[in-house]
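J.: Need a 3D model of the sequence below.
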Amino acid sequence: MLLNPKSFEKKAPSSNSRHAARLASALVSGGDGRIRLDAQGRNQYFASAAPSDALAYGSSTISSISEQAFETLIGQWRDRLDRPVAATDYAGGLAAIRNRLAAYFGLAGDDAIVFAASGTDLEYVGLAAALDGRPLTAVLLGRDEVGSGCIHSAAGRFFAAETATGARVVAQAAIDPAFAGTELIDVAVRDAAGRPRASAAVAAELSLHVERAAANGRRAVVHVVHGSKSGLALPALPDVERLVARHGDAMAIVVDACQLRITPSIVRRYLDLGCVVLMTGSKFAGGPPFSGFALVPAAIRERALPLPQGFRRVANRAEWPADWPGADGLHASRNFGLLVRLEAALFEMERFAALPAERVTHVAARFSHHVMRLVKRLELAEVAGAGTSCLATETLRTLDLSARWPQCDFDAAKAMHGHIARQSRQWLGQEIRLGQPVKTHPLADGRMAGTLRLSLSMPLIVEMAAFADIALEERLDRDMSLIGAAISAAGAMVLATPQTAPID
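T.: The predicted structure is shown next:
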């Protein structure tokens, strides 16, 4: 049962430094190299292990844990942070999370939930669900607008030299001989000018690849996206329904909803179509990096083949349902870091679900209004979206920096993003985190244009939903003014121009 917003108003007592340090250490364990912290206590995406006072509009990339979630975990694990969690406790903890996720999404009792340490790792779940003895053809949609490692994991290859289980592996080698012959096909979500492609055109191209794979005795694993890095959802759900009706068992569909900018009702529609849905807890959900879960329809689990032996290097036994064929062959190890990261994400999801829908809509609308004001004030532009309204488009906006700085390409935008993360506190007295650049459209000379992303997260919406309307306007106005100043300062530094923008 979902909780009332009042249930979250009272914070747990402030934790002492020893418990906080041990929890922070746990939160950055049990992942690949991306989770590790640098000398400044932040990972490569500038997220910290402990709560931060940063102005956080970067949930399109990753989130840091909120103070409320951190203190809740301290209260739950205070007496057990000094000793390793037992394998049975790990399995019990994940079972409890499965039950809560099933309630959150309104799942049927037999739908399966599989956990992984990142959205990139979740691709292996889609492949396992698709195995039926035929060689696989992975059709990846929008490689520039999904996780960068997915070009490898979607084809059944290791995306790094180590896995979340601690195994040392060869990057880009097949995780198991079952996937050695998997081919990868890339389908674009935008045209040559950077405009989102029509849903029907994308669906038609996906259909063509399914037919070609079948003609060659292969099974297609077709990816669709619901909430890409720039907020696209392609193909539209009616076109996905038509793909399923046309091709049936000739393909398996994996829905990349890793941003989690998707409603439970839409998730259930995908599951009813027989799609595997991938989501993470570290972006819109606002949980700490990295955690993920895949929802698998009961019908797919019932006919699944045993997990290949290679999964022993990428997953632990409790992360897969006990009745999944071959799951008992996985190591009965534990990943305490993944467990607490999932618990933190679910804490945020349940807080968010307790909000009145109209209040969420209002906060998202006011966010959009203030982003448009920022774009106009800075003489920027917005990257073209799909023109539809959904949770992905309402809570994530992509700024085109090249409208103001024609020489600002993708590399320059990456430099600006880093300067803002590292130096905004020095510039403005406030640390600011924005979403990383994403490749959406080319400049006239062929280089990819520079972009930055602004996004709401569940914790930020929960915070803002509690404000009176006047206070909400003041907060958003202040935030966008600081963000505008940071973008201007970073642009002047990286692009060697003294131009700055006025601040309201």
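J.: In this structure residue 78 contacts residue 19, no?
T.: Yes - contact criterion Cβ atoms under 8 Å: residue 78 and residue 19 qualify, at 5.6 Å. Backbone N, C-alpha and C define where each C-beta goes, glycine included.
J.: Strands of the stretch 351-500 of the chain, residue ranges please.
T.: Taking DSSP state E, counting those that start in this stretch to define them, one finds strands in the stretch 351-500 of the chain at 381-382, 396-400, 432-434, 451-455.
J.: Can you classify residue 224 as helix, strand or coil?
T.: Put simply, residue 224 is strand when judged by DSSP: H, G, I helix; E, B strand; the rest coil.
J.: what sits against it?
T.: Residue 224 makes contact with 141, 206, 234-235, 240, 253-256, 275 under the criterion Cβ atoms under 8 Å, 6 or more residues apart in numbering.
J.: Tabulate those residues (a markdown table), appending neighbour count, pLDDT and secondary structure.
T.: What follows is the contacts of residue 224, written out as a markdown table (neighbours: other Cβ atoms under 10 Å; pLDDT from 0 to 100; DSSP: H, G, I helix; E, B strand; the rest coil):
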| residue | neighbour count | pLDDT | secondary structure |
| --- | --- | --- | --- |
| 141 | 25 | 93 | strand |
| 206 | 26 | 98 | helix |
| 234 | 26 | 94 | strand |
| 235 | 27 | 96 | coil |
| 240 | 24 | 97 | helix |
| 253 | 25 | 98 | strand |
| 254 | 29 | 98 | strand |
| 255 | 28 | 97 | strand |
| 256 | 27 | 96 | strand |
| 275 | 26 | 98 | coil |
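J.: Give me the three-state assignment for residue 293.
T.: Following three-state DSSP, the label given to residue 293 is strand.
J.: Secondary structure element holding the closest residue to it other than its chain neighbours?
T.: Taking Cβ to Cβ, 6 or more residues apart in numbering, and ignoring the residues beside it in sequence, residue 293 has residue 115 as its nearest neighbour in space, at 5.3 Å. Taking DSSP states H and E as the definition, one finds residue 115 inside strand 112-116.
J.: Can you redo the strands of the stretch 351-500 of the chain as a markdown table, where the extra columns are mean neighbour count, distance to residue 26 and mean pLDDT?
T.: Rendered in a markdown table, the data for the strands of the stretch 351-500 of the chain read as follows (neighbours: other Cβ atoms under 10 Å; distance: least, Cβ to Cβ, whole Å; pLDDT from 0 to 100):
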| stretch | mean neighbour count | distance to residue 26 | mean pLDDT |
| --- | --- | --- | --- |
| strand 381-382 | 16 | 39 | 96 |
| strand 396-400 | 25 | 30 | 96 |
| strand 432-434 | 25 | 22 | 96 |
| strand 451-455 | 26 | 27 | 97 |
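J.: just so I know, which of these lies nearest residue 43?
T.: strand 432-434 (11.9 Å; Cβ to Cβ).
J.: Describe which strands that closest one pairs with in its sheet and in which direction.
T.: Take DSSP bridges as the rule and strand 432-434 pairs in its sheet with strand 55-57 (parallel).
J.: next SSE after the strand it pairs with?
T.: Beyond strand 55-57 in the direction of the C-terminus, DSSP H and E gives the next helix or strand as helix 67-77.
J.: Which SSE is immediately downstream of that next one?
T.: Note on helix 67-77: by DSSP H and E, the next helix or strand toward the C-terminus is helix 87-105.
J.: list the buried ones in that following helix?
T.: For helix 87-105, the buried set under the neighbour-count rule, 16 or more other Cβ atoms under 10 Å, comprises 90-91, 93-94, 97-98, 100-101, 104-105.
J.: what's that helix packed up against?
T.: If contacts are counted by 3 or more Cβ pairs under 8 Å, 6 or more residues apart in numbering; DSSP states H and E, helix 87-105 sits against strand 112-116, helix 264-272, strand 292-296, helix 336-353.
J.: what helices or strands is the second one leaning on?
T.: The reference is to helix 264-272. In terms of contacts (3+ Cβ pairs under 8 Å, 6+ apart), helix 264-272 is packed against helix 87-105, helix 237-247, strand 276-280.
J.: Domains in this protein, by residue range?
T.: The chain breaks down into these domains under automatic domain parsing: 87-343, 357-495.
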